[in-house]
Every structure is written in structure tokens, then in C-alpha cells.
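sharing a sequence plus its predicted fold:
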Amino acid sequence: MQELLSGQNLACERDDRLLFSKLDFKLHCGEVLQIAGPNGSGKTSLLRILAGLLPDFDGTLFFQGKPVQSDSDHFRENLLFIGHQPGIKLNLTPEENLRWYQSLYHPADTDQIYQALAQVKLTGFEDVPCYTLSAGQHRRVALARLFLHAAPLWILDEPFTAIDQGGVKEIEQLIADHAQQGGSVILTTHHNLSLPVELNVIQLGQSHQSETEQA
Ligand SMILES: Nc1ncnc2c1ncn2[C@@H]1O[C@H](COP(=O)(O)OP(=O)(O)OP(=O)(O)O)[C@@H](O)[C@H]1O
């Protein structure tokens, strides 16, 4: 399988504390990679580095074999990042939030947005302000982006936060489907993943060194 994203000799220090160092990994098309570790071990920091959102690190990232900086626009177009916070505007409706998001990549399409909201079980909530929705529904609005931008690389920080059991199973299936169709997923979660595809793990928080292993 083709290599999608890799990191060489990655290291990150925050507040004079070394979170990880000498971190090497390779992510191929069709693979799922979990960043695991206790609270404060650097999972979100690493995800933000991988998504190009945290520039303060050492080491090199490669996308499709080329340094990410050599074509950062191409990298961003091929990436879908959903952060720890849902990243939605509470004064806007789910439809308006997704219309703004979709128009970053191509003209917004109301039918597609309604279908995406139906996929995350938000039919009937399309046009109410997001401040009237629950925490789990906020997360679902964020996750609806997965249906609106066909990026091969998904980077998801705690995608199951506030999601009910049925929703967790559906998101796991979505992740597995994406991998089986040749996409790749990097995620953090404190939830025990149950995926019908191979899961690789980077374990952080072990004497400042990190390793990739197979779950
Ligand atoms: N914006 C920031 N500025 C300075 N230090 C930060 C910032 N965000 C996080 N840190 C520090 O970096 C360390 C790692 O934080 P990070 O959020 O990456 O951990 P995590 O493994 O994702 O934790 P959790 O499981 O609690 O979400 C923490 O000690 C934290 O204090």
C-alpha cells in the first residue's frame, strides 16, 4: 500500500516539558493509527503537529513521500481534521456551519448538507441555532464534515466524546469503511476501539520515548 503520511525523528516540548522525542512512524493508505497515552502525554499536541496546526516541533513530516512544507496547500486539501472541540459556531445552525465548512473546498450544496446531517442523526435539527443543541449533537455536527469533504487522510481528536453507544458504533464503522476504501485515519480516543481493520498504535507517555506497535 502507498505511504500517505510519515514522520521522522519527531519531538515536541511544551512548557519546558518534553512530551515525546525520536518518534518515527509511517501511515499507509488503508491504515488506522491510534495515538494512545494518559492525560497530558501529548496526544492532542501530536495530532495538531500532524495536521499542520502546531508548528513548534522538531523533525520532518512527509505527505505522499514529499516534505509537507513543499506543498502545504496539497496537504491541506487532502486532510480532514476534527479537533477536540467541535469547532462549530453556536449562533449558527448546523446547516449554516456546514455550508461555511463546505464552501472552503467547493460551492456549498444544500442537499448534500441535509444528507450529511441525516447520516449523523440530525434530521429535524438542520435550522435551529447550535446553542440549543446538546454536547453530543454539537459533536455530530462536527462529524457531519466527514460526509462533505472526500479527503484521504482523516485526523480525529477524541471523535467519540459525548457520543452515545449507537453513535460510537456508527463512527467506528465509518472509520473502518474509510480505511477499507483506501483512506487513512489517525485518531485519539480513551475508548476501546472495536474495528474490523488492523489498528496501529503510537503509545505516548512512556519515559518520553514513543513507539509504534500493532494492537
Ligand atoms: N496551548 C498550550 N500551551 C502550552 N502548553 C500546552 C498547551 N496545550 C497543551 N499544553 C501542554 O502540553 C501537554 C500535553 O497536552 P496534550 O493536550 O497534548 O495532551 P493529551 O495527551 O492530548 O491529553 P488529554 O488526554 O488530557 O486530552 C500538557 O502538559 C499541557 O499542559
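Perfect, thanks for sending it.

tell me which residues touch residue 205, please.
Listed by CB atoms under 8 Å, 6 or more residues apart in numbering, the contact partners of residue 205 are 37, 38, 40, 41, 42. C-betas here are computed from N, CA, C, even on glycine.

if you could redo that for residue 30, that was the one I meant.
Taking CB under 8 Å, 6+ apart, we find residue 30 in contact with 1, 179, 180, 182, 183, 184, 197.

domains of the protein?
1-78+155-215, 82-150 (automatic domain parsing).

any residue of the shortest one touching the ligand?
No - contact of domain 82-150 with the ligand (CB under 6 Å from any ligand atom) is absent, the minimum separation being 6.6 Å.

any weak-confidence spans in the chain?
Confidence mapping of the chain against pLDDT under 70 gives the ranges 207-215.

helices of this protein, start to end?
Taking DSSP state H as the test, the helices found in the chain are 43-50, 72-77, 94-102, 110-119, 135-143, 165-180.

and the fifth one, what other elements does it pack with?
Pointing back at helix 135-143 there. The helices and strands touching helix 135-143, judged by 3 or more CB pairs under 8 Å, 6 or more residues apart in numbering; DSSP states H and E, are helix 94-102, helix 165-180.

Serialize those helices to CSV and add fields for mean neighbour count.
Formatted as CSV, the entries for those read as follows, by neighbours: other CB atoms under 10 Å:
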stretch, mean neighbour count
helix 94-102, 21
helix 165-180, 16
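
please identify which pair of the contacts of residue 205 lies farthest apart.
Farthest pair in those (CB to CB) is 38 and 42. Separation: 10.0 Å.

on that earlier part again, redo the helices of the chain as JSON lines? Include distance to residue 60.
Formatted as JSON lines, the helices of the chain follow (distance: least, CB to CB, whole Å):
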{"stretch": "helix 43-50", "distance to residue 60": "11"}
{"stretch": "helix 72-77", "distance to residue 60": "13"}
{"stretch": "helix 94-102", "distance to residue 60": "30"}
{"stretch": "helix 110-119", "distance to residue 60": "35"}
{"stretch": "helix 135-143", "distance to residue 60": "30"}
{"stretch": "helix 165-180", "distance to residue 60": "25"}
